[in-house]
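# Sequence plus predicted model, see below.
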Amino acid sequence: MEKYRVRFAPSPTGELHVGNARTALFNWMFARHHGGSFILRIEDTDESRSDLSYQITLLRDLNWLGIDWDEGPQKEGLYGPYKQSERLEIYKSHLQKLIDKDFVYPCYCTEEELEEERQTLILSKRMPRYRGKCRNLTADERKKREKEGRIPSFRFKVQPQVIEFEDLIRGTMKIEGETIGDFIIIRSNGMPAYNFAVVIDDHLMGITHVIRGEDHLSNTALQIMLYRAFGFNPPTFAHHSLILGKDRTKLSKRHGSVSVGEFHKKGILPEALVNYLGLLGSSFTDSREVLSREEMISGFTLKRASKSGAIFDEEKLLWLNAIYIRNCETEDLVERLKPFLEQAGYKTDTMDQEWLKEIIELIKTDLTTLAEVNNHIDIFFDEKYKLTSEAKKVLERDSADKVIKAFSEYLETNTGSPKDIYSAAVKYIKEKTGAKGKELFMPIRAAITGKVHGPELDKVFIILGRERTLKRLSFITS
């Protein structure tokens, strides 16, 4: 049986968008499910927009997501190089093959001329496409244009035909060749156009399946023409739906965070983001929504990939993220939280690690993202302790004053284990003031944490300890 080979081929022209990350994930799950190979190829022939810094962050983001590749940058294989900018001689030799077969011709049209032609067609309500102005130029006419300083691009000669292919997600697809004008395969600067380079690379790298977004459907017809011209067997195609915003338009920055890096900075766990992206436009047999990486690989099939756009719901992602945080081993979670704590001004290397672990164990059920940690951990640090306006209102009541004084009295005259002393103090306050329920516990919470919401009070007290609690109570009663 043929070993499946798929690829993810991003252009390093910006941050890794969650839509592209999902395409990478679908390819990766497909390869892992079938025991095939996942290839990473960098398509960096757009010199004006490609940037090395984007390539670096791309590799970083894929590594962070846990999407590993079998061949590509940093993992050279038999079919490299895996950067298109290093494959220019390969494209040059393949261009010559098409020239020899008379499948291409030089085009001397300027950008201005092409735009003028395009606008004319649009105004006359015709399909805007290249009408073959340079297709039948004589040798003398070509020389004349070259003397004028015009540097040609090369266009592929499109013949009247129907392009038909089977899409693993969308079924039989048919595209009329007449709707496609002669298209550029080599730009005037000598760089290969997308459709030309991708056909050569996919063939030479042995790609068996091309899994990508539906926005590439129109490119498929052009690519099949090139496969036929070279005498190559085309791969199997599968075009998944796009990710949409809640307004059902293509997800973009105006909808909020859209890059993997932004979600990383927000404190989304990679497992949660991978889980969520795997659910977008796909489904798993038992309709579960919280799935391990192994379960996603095992249950992945393109047969259940949706043809319609998938709505990106950040609230659903946050819900999933909270579950992953809650289920994360506390020791592991502490390490993941440290960068966010450092960013918030905490010196984690000087903290008692066991004490920090106790705090994280207590607050992790309240976290939706890692970046929120400062809003929950601050109650345990005296330098961060301050009363919120809500806490002040609670403590201004006469009944609250009695509770706090009784609490202070007990702590000043009694010692013992934090757990026992807290239980005994609560019993003492009840007997002395008659307070119970919120009337008892709300003033205690407001006084020792400065807030009116938070983790279980007895556990907060155990972590704070008697001395620190007395210090905070004295601040209230003074």
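Right, received. Where do you want to start?
# ok, which stretches of the stretch 201-350 of the chain are helices?
With DSSP state H, counting those that start in this stretch as the definition, the stretch 201-350 of the chain shows helices at residue ranges 217-230, 260-266, 270-279, 293-299, 314-327, 330-343.
# So which of those helices is nearest Ser85?
Minimum separation from Ser85 across those (Cβ to Cβ) falls at helix 217-230, 20.2 Å. Quick note: C-beta positions are derived from backbone N, CA and C, even for glycine.
# returning to that earlier point: now tabulate the helices of the stretch 201-350 of the chain in CSV and tack on distance to Leu356, mean neighbour count and mean pLDDT.
Listed next are these as CSV, based on distance: least, Cβ to Cβ, whole Å; neighbours: other Cβ atoms under 10 Å; pLDDT from 0 to 100:
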stretch, distance to Leu356, mean neighbour count, mean pLDDT
helix 217-230, 52, 19, 96
helix 260-266, 22, 19, 96
helix 270-279, 22, 22, 96
helix 293-299, 28, 16, 93
helix 314-327, 16, 17, 97
helix 330-343, 6, 16, 97
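# Give me the residues contacting stretch 428-437.
Residues from elsewhere that reach stretch 428-437 (Cβ atoms under 8 Å, 6 or more residues apart in numbering): 399, 402-403, 406-407, 409-410, 440, 444.
# Check which residues of it are buried.
By 16 or more other Cβ atoms under 10 Å, the buried positions in stretch 428-437 come out as 428-429, 433, 435.
# could you give the mean pLDDT of that stretch?
Stretch 428-437 carries an average pLDDT of 92.
# chain center to it, what's the gap?
Chain-centre distance of stretch 428-437: 53 Å, with Cα atoms, centre = their mean, to the nearest Å.
# ok, of the buried residues of stretch 428-437, which one's closest to Pro270?
Taking those together and measuring to Pro270 by Cβ to Cβ, the closest member is Ile429, at 46.1 Å.
# Give the helix, strand or coil label for the closest one.
helix (DSSP: H, G, I helix; E, B strand; the rest coil).
# So for it, what's the nearest residue that isn't a sequence neighbour?
Closest residue in space to Ile429, ignoring its immediate chain neighbours: Ala406 at 4.5 Å, by Cβ to Cβ, 6 or more residues apart in numbering.
# and if you look at Leu470?
The spatially closest residue to Leu470, leaving aside those adjacent along the chain, is Leu411, at 5.2 Å (Cβ to Cβ, 6+ apart).
# and the one you found, how many residues sit next to it?
20 (other Cβ atoms under 10 Å).
# follow-up on the earlier one: quick check: the gap between the residue nearest to Ile429 and Gly437.
According to Cβ to Cβ, to the nearest Å, Ala406 and Gly437 sit 16 Å apart.
# for Asp247, same thing?
Note on Asp247: its distance to Gly437, by Cβ to Cβ, is 46 Å.
# now do Lys386
Counting by Cβ to Cβ, the gap from Lys386 to Gly437 is 26 Å.
# Could you export stretch 463-472 as PDB, CA atoms only?
Taking C-alpha atoms only, stretch 463-472 is exported to PDB below (Å, rounded to 0.1, in the frame of the first residue of the first chain):
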ATOM      1  CA  ILE A 463      -2.000  29.100  53.100                       C
ATOM      2  CA  LEU A 464      -1.900  32.600  54.600                       C
ATOM      3  CA  GLY A 465      -1.300  31.300  58.200                       C
ATOM      4  CA  ARG A 466      -2.200  32.900  61.500                       C
ATOM      5  CA  GLU A 467       0.500  35.600  61.600                       C
ATOM      6  CA  ARG A 468      -0.300  37.000  58.100                       C
ATOM      7  CA  THR A 469      -4.000  36.900  58.800                       C
ATOM      8  CA  LEU A 470      -3.600  38.800  62.100                       C
ATOM      9  CA  LYS A 471      -1.500  41.400  60.300                       C
ATOM     10  CA  ARG A 472      -4.300  42.000  57.800                       C
END
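# Now that stretch: buried residues?
Buried positions in stretch 463-472, judged by neighbour count with 16+ other Cβ under 10 Å: 463-464, 466, 468-470, 472.
# show me where the stretch 301-450 of the chain has strands.
Here the stretch 301-450 of the chain has its strands, by DSSP state E, counting those that start in this stretch, at 310-311.
# picking that back up, now secondary structure and pLDDT too, for the buried residues of stretch 463-472, in JSON lines please.
Shown next, in JSON lines, are these (DSSP: H, G, I helix; E, B strand; the rest coil; pLDDT from 0 to 100):
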{"residue": "Ile463", "secondary structure": "helix", "pLDDT": "95"}
{"residue": "Leu464", "secondary structure": "helix", "pLDDT": "94"}
{"residue": "Arg466", "secondary structure": "helix", "pLDDT": "93"}
{"residue": "Arg468", "secondary structure": "helix", "pLDDT": "93"}
{"residue": "Thr469", "secondary structure": "helix", "pLDDT": "93"}
{"residue": "Leu470", "secondary structure": "helix", "pLDDT": "93"}
{"residue": "Arg472", "secondary structure": "helix", "pLDDT": "91"}
